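Visitor: okay, structure incoming, though there's no sequence with it:
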């Protein structure tokens with residue numbers, strides 16, 4: 001039977017989703033095994049602990065990219081069900097950071113979370129976990145030894161900032177970040193670009209009236225490094 005390009009495209013998209021789920025499950029096994037190896041190593045007697053931390057970072061990064069791609073596929077296909085509820089922002093940020101606790105410990109990185117414990121906001125927890133997780137992955141890759149998360153309520157919405165004390169974003173990334181929020185941009189081929197695109201899609205799904213969320217990159221701030229700014233309406 002003759003199949004047109006659209007049918008083939010749909011079949012390929014479905015095949016990608018199934019394979020991505022399988023890969024994600026395998027990565028989960030790898031993460032658990034890496035964790036077991038790290039737990040069984042004595043800090044002063046195991047020269048491979050740093051390599052384990054690096055492996056965990058890379059595996060988690062691949063896993064996060066797969067999650068983003070699968071979520072974007074569901075959104076594009078109209079299958080994603082937005083689940084917006086009120087959440088404690090401070091508790092949410094602490095839980096997201098906890099997922100990276102092993103890497104933070106093994107790389108001896110310091111971090112702080114600055115957020116009013118009484119601050120609550122309405123958002124889809126799954127989508128925003130991906131958004132903050134992406135910003136944290138970037139900070140983990142480029143920081144020297146410090147990461148800072150801040151959250152505050154502004155007139156425009158909830159402002160979330162993830163910053164590090166690394167060398168900051170390259171100038172070409174700052175110059176091209178606006179186009180990175182569009183899928184047709186070649187910048188999306190870059191890992192940070194994919195994260196920005198995913199973040200913008202997630203923020204678009206959280207529109208409040210005429211207000212629209214946005215993501216931006218800049219350098220400077222308290223730690224004088226890269227800053228990942230997320231505005232949630």
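Guide: On my side now, so go ahead. Since this is a predicted model, take the numbers as computed values, not measurements. Numbering: from 1, shown residues only.
Visitor: what is the one helix or strand residue 95 maps to packed up against?
Guide: Assessed by DSSP states H and E, residue 95 sits inside helix 89-98. When contacts are defined as 3 or more C-beta pairs under 8 Å, 6 or more residues apart in numbering; DSSP states H and E, helix 89-98 sits against strand 110-115, helix 125-142, strand 146-153. The way it works is simple: take the backbone N, C-alpha and C, and place the C-beta from them, glycine included.
Visitor: buried residues of the longest one, list them for me.
Guide: Think helix 125-142. For helix 125-142, burial by neighbour count (16 or more other C-beta atoms under 10 Å) applies to 127-140, 142.
Visitor: for the protein, what helix or strand is lowest in average pLDDT?
Guide: helix 5-39 (a mean of 70; mean pLDDT, DSSP states H and E).
Visitor: distance check, the spatially most central residue of the chain against residue 198.
Guide: By C-alpha atoms, centre = their mean, the chain has its centre lying nearest to residue 134, at 1.6 Å. To residue 198, residue 134 is 7 Å away according to C-beta to C-beta, to the nearest Å.
Visitor: and for residue 27?
Guide: 18 Å.
Visitor: mind checking which of these two has more residues around it?
Guide: Neighbours were counted for residue 27 and for residue 198 using other C-beta atoms under 10 Å; residue 198 has more, 25 against 18.
Visitor: who touches the closest residue to that one other than its chain neighbours in this structure?
Guide: Once flanking residues are discounted, residue 198 sits nearest to residue 68: 4.4 Å by C-beta to C-beta, 6 or more residues apart in numbering. Taking C-beta atoms under 8 Å, 6 or more residues apart in numbering, we find residue 68 in contact with 130, 134, 194, 195, 198.
Visitor: then residue 110?
Guide: Going by C-beta under 8 Å, 6+ apart, residue 110 touches 145, 146, 147.
Visitor: helix or strand right after the strand or helix carrying residue 199?
Guide: Here residue 199 sits within helix 191-204, counting by DSSP H and E. Next helix or strand after helix 191-204 toward the C-terminus (DSSP H and E): strand 214-220.
Visitor: which elements pack onto that following strand?
Guide: helix 171-180, helix 191-204, strand 225-232.
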